[in-house]
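In: Sequence isn't available, so here's the structure alone:
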């Protein structure tokens with residue numbers, strides 16, 4: 001989800017300046033005042049998951065109709081809306097993020113629906129409200145909605161981190177044709193019977209063209225292990241590629257396409273977990289009229 005929420009909220013503003021033959025794009029990642037941004041996300045993933053050595057965990061899953069090795073094919077769709085007010089006298093503005101629609105289906109290799117919890121669907125009908133200060137920081141953060149539970153409220157720090165945290169490394173950066181800039185981020189991958197596995201990553205954005213007011217970036221991502229408990233042996237590798245398309249005049253990313261692959265092997269006592277997965281994501285954004 002985190003990865004799904006991080007990609008959904010990444011919105012670059014940019015401009016192109018002409019200096020001789022040079023073309024330069026300046027990136028602004030923080031939400032901008034006085035806008036309504038419509039966001040659609042679609043992703044699909046295929047993962048093979050295997051558990052070895054923990055008979056209790058394996059039997060508990062078998063009782064639920066889940067056997068290993070397990071092939072999981074998942075398709076997700078979501079629709080959000082980001083609404084910001086005009087700037088106030090102190091240069092702050094109000095921020096509202098509406099969770100409008102979400103659907104998820106996970107099936108095994110035989111097409112049987114798997115009993116996997118879909119956290120993003122639990123946010124539907126909820127609204128995240130905040131004030132964004134002149135410094136770009138989120139303040140007075142609250143989430144409301146008839147289905148909001150204390151557990152969902154506990155996810156607020158993760159949501160805010162997705163909104164602004166790792167993106168600050170690119171704020172105000174300028175890149176010319178053929179040049180690249182890097183964005184560092186971190187994420188937690190939930191694992192059965194274990195603390196989440198901490199991963200770090202770096203995405204490199206390379207400006208490959210600016211034509212008719214549209215800037216095209218290539219993306220390359222490399223994942224590395226973060227700091228994890230010493231008693232857990234972990235092997236991990238992962239990478240991703242993709243493209244980003246920006247409307248320079250509207251200062252809005254129009255489309256994002258990415259493909260990510262990840263392999264994990266975890267040994268904790270008798271428990272061994274192995275996973276091998278590939279995920280494809282598509283995100284589109286458009287401005288709406290107030």
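Out: Done, it's in. None of the values given here were measured: they were computed from a predicted structure. Residues are numbered from 1 along each chain as shown.

In: All the helices of the stretch 101-250 of the chain, residue numbers only.
Out: Using DSSP state H, counting those that start in this stretch, the helices of the stretch 101-250 of the chain run over 150-153, 156-160.

In: residues contacting the closest residue to residue 242 other than its chain neighbours?
Out: Spatial nearest neighbour of residue 242, excluding adjacent residues (C-beta to C-beta, 6 or more residues apart in numbering): residue 258 at 3.2 Å. C-beta coordinates here come from the backbone N, C-alpha and C atoms, glycine included. Applying C-beta atoms under 8 Å, 6 or more residues apart in numbering to residue 258 gives the contacts 7, 219, 221, 240-243, 280-281.

In: ok, now with 10 Å
Out: By C-beta atoms under 10 Å, 6 or more residues apart in numbering, the contact set of residue 258 is 3, 7, 43, 203, 219, 221, 240-244, 279-283.

In: Go through those residues and name the one nearest residue 51.
Out: Nearest to residue 51 out of those is residue 279 (C-beta to C-beta; 20.7 Å).

In: Quick check: what element follows the one helix or strand the residue nearest to residue 242 maps to along the chain?
Out: Using DSSP states H and E, residue 258 sits in strand 252-268. Sequence-wise, the next helix or strand downstream of strand 252-268 (DSSP H and E) is strand 271-288.

In: Can you pull out the low-pLDDT segments for the chain?
Out: For the chain, applying pLDDT under 70 flags the ranges 1-22, 29, 163-167, 192-193, 290.

In: Buried residues of the strand holding residue 258, list them for me.
Out: Going by neighbour count (16 or more other C-beta atoms under 10 Å), the buried part of strand 252-268 is 252-253, 256, 258, 260, 262, 264, 266-268.

In: And for stretch 74-93?
Out: For stretch 74-93, by 16+ other C-beta under 10 Å, it's 74, 76-80, 82-85, 92-93.

In: what about that stretch, how long is it end to end?
Out: One end of stretch 74-93 sits 37 Å from the other (C-alpha to C-alpha, to the nearest Å).

In: Could you check how far that stretch is from the centre of its chain?
Out: Distance of stretch 74-93 from the chain centroid (C-alpha atoms, centre = their mean, to the nearest Å) equals 16 Å.

In: follow-up on the earlier one: note down every partner strand of the strand holding residue 258 and its orientation.
Out: Partners of strand 252-268 in the sheet, by DSSP bridges, are strand 233-247 (antiparallel), strand 271-288 (antiparallel).

In: how about the nearest residue to residue 279, chain neighbours excluded?
Out: residue 45 (4.0 Å).

In: List the strands paired with the strand or helix carrying the one you found, with their directions.
Out: For residue 45, the host element (DSSP H and E) is strand 36-52. Paired strands of strand 36-52, with direction, are strand 70-84 (antiparallel), strand 271-288 (antiparallel) (DSSP bridges).

In: okay, those strands in CSV with distance to residue 144 next?
Out: Converted to CSV, the strands paired with strand 36-52 look like this (distance: least, C-beta to C-beta, whole Å):
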stretch, distance to residue 144
strand 70-84, 14
strand 271-288, 22
